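Trainee: quick one: sequence plus predicted model below, questions after.
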Amino acid sequence: MMMVHPVKFLLSAAKRPLTRCCSAFVSRIRSLNRLKEDDDVCAEALQHAQIFLFHRLSPLLQSSERGTFRAVPLMYSDIRAILERLGSDEAKLKESVLIGCSEQNQVQFCLDVGELDQVALEEALDGTFVDLKKGFFVLRRSEAPLLAKAQALLRWHLTTGFCSATGRPTCPNQAGSQRVGGGGGTIYYPQMSPVVIVLVSDGKRCLLGRQPSFPPGMYSALAGFCELGESLEETVSREVAEEVGLEVHNISYSSSQHWPFPRSSLMLGCHALVSPAHSQVNVDHTELEDARWFTFHEITSALQVKGLWSRGHAPPLWLPPKHAIANRLITEWAELQRCSQKAD
Ligand SMILES: NC(=O)C1=CN([C@@H]2O[C@H](COP(=O)(O)OP(=O)(O)OC[C@H]3O[C@@H](n4cnc5c(N)ncnc54)[C@H](O)[C@@H]3O)[C@@H](O)[C@H]2O)C=CC1
Ligand SMILES: [Mg+2]
C-alpha cells in the first residue's frame, strides 16, 4: 500500500485574509467555502489533498484484523501514477469532488474510477472496493459519515449529467458542489430528501417497528419521507397514524443525521408521546411487517447486544447499530426512563 503523506492544506492558499480571531473551525469552514467558489484555488488544493477512491460508488477500504474496515485516502501524485499505469491520465483527477477538510487542515476529495479495471486497481492499491451498505456499519464512526457524503455526491454527479428541462449537458465546478449549464445557465445543487424518524413512547414503553427488509429480529423507530408542504411535526403525526394507527402529541426534536441508504436523506430525529389509554397499535402491513411496544428492560438488554450482523444465534431483539440515529433516539429514551425511575 502506498504511504499517504500528511500534506496539510495551507490556509494561506486562500488569498482572502481571514480574521485573526477566527477559531480553527471557522477558518476551516471559510477555506472550504472559498474552494467551492474559486475553481483555481480548488484545483491547487486538489494537488495536495487526500483523495478517497470509489469504484462504481463502492469505496476503497482496507480490512483490519479486528473485523473493521478503514478508509484508504491517497495523495494526488499516487493516484496519477496508478491512472497512467492503467491507461487513464491526470485529466481524470479533475473529476474529483470536494468532501471536507480534516481537523488537521487536510483537504479531502473523492473520485470514482468506475471505468477502470477493478481487480487491477485493487491489486495496485492493496485494498478492496466494498459496497457501502456492507462497509458502513463496520467503518470507524469518524469515517462512515465522510464516505457516505462522498458516495452521495458522486451519485448525484453520475445522475445529473444532463438538464432535465433541455436535455443538454451540465458541467460541474471544480469542487463539484454544483453543476451549471443545460442551455439555460441554470445552477443545479445536490439534493437530499428529508425523512422523519420518531421514537414514540406511552411514558413507560417505546414503540418500534420492522420492515420485511430488516435483518431477522431487528426493530427500529418509525420513519417516513416528508411530503411537500408538510412541517416536521405534520410528517411525524401522519407517518405514525399511517403506519401504526396512533395519534401522537408532545413532539420534540432531538437531532439529525445524513443517511445514505437507499439514497441521500436527511433524517430528522424526534420523540413523541401517545396517551396510554390510546396505545393499541393497528399496523399497516403494506408498510410494516410488525410494530410493538417494548419495555425498558427489553430495550436496555437489546442495547447491550454487540456484533449485530455477525452473531450466529439471534437475541430476542436487535436494535439498529450505533451509526444509526434510531439507536441514538432509543438510547436517549432509555436514559430518560432510567432518570425518571431513579426519581420515583
Ligand atoms: N438512520 C436510521 O436510523 C434509520 C433510517 N431509516 C431510513 O428512513 C428512510 C425512510 O423510511 P421508510 O419507512 O422506508 O419511509 P416511508 O415510510 O415513507 O416509506 C417508503 C415509501 O415512501 C415513498 N416515498 C415517498 N417519498 C419518497 C422519497 N423522496 N424517496 C423514496 N421513497 C419515497 C416510496 O413509495 C417508498 O416506498 C429509509 O430510507 C430508511 O433507510 C429508517 C429507519 C432507521
Ligand atoms: Mg416508514
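Mentor: Sure, I can see it. Numbering: from 1, shown residues only. Ligands and ions are numbered 1, 2, ... in the order given.

Trainee: could you check the pLDDT of the closest residue to S58 other than its chain neighbours?
Mentor: Distances taken as C-beta to C-beta, 6 or more residues apart in numbering place F129 nearest to S58, at 4.1 Å, with adjacent residues excluded. No exception for glycine: its C-beta is placed from N, CA and C like everyone else's. Per-residue pLDDT puts F129 at 97.

Trainee: repeat for G183
Mentor: So, for G183, pLDDT stands at 74.

Trainee: sec struct for it, please.
Mentor: coil (DSSP: H, G, I helix; E, B strand; the rest coil).

Trainee: can you count the residues close to Q118?
Mentor: 14 (other C-beta atoms under 10 Å).

Trainee: next up, phi/psi of the residue nearest to S58, please.
Mentor: Phi and psi for F129, reported as degrees, to the nearest 10, are phi -80, psi 110.

Trainee: show me the shaky parts of this protein.
Mentor: Residues of the chain meeting the criterion pLDDT under 70: 1-21, 307-313.

Trainee: would the lengthiest strand in it count as contacting ligand 2?
Mentor: Scanning the chain for the longest strand, with DSSP state E as the assignment, gives strand 249-259. No: judged by C-beta under 5 Å from the ion, strand 249-259 and ligand 2 are separated, with a smallest distance of 12.9 Å.

Trainee: report all helices and strands that that strand contacts.
Mentor: helix 144-159, helix 232-244, strand 265-273, helix 325-343 (3 or more C-beta pairs under 8 Å, 6 or more residues apart in numbering; DSSP states H and E).

Trainee: mind giving me the domain split of this protein?
Mentor: 30-158, 193-307+314-343 (the TED database).

Trainee: which of those domains sits most buried?
Mentor: domain 30-158 (a mean of 18; mean count of other C-beta atoms under 10 Å).

Trainee: may I have the distance across that one, first residue to last?
Mentor: With C-alpha to C-alpha, to the nearest Å as the measure, domain 30-158 spans 27 Å from end to end.

Trainee: same check on stretch 30-47?
Mentor: 19 Å.

Trainee: re the thing from before, so what's the residue nearest to S58 bridging to?
Mentor: L60 (DSSP bridges).
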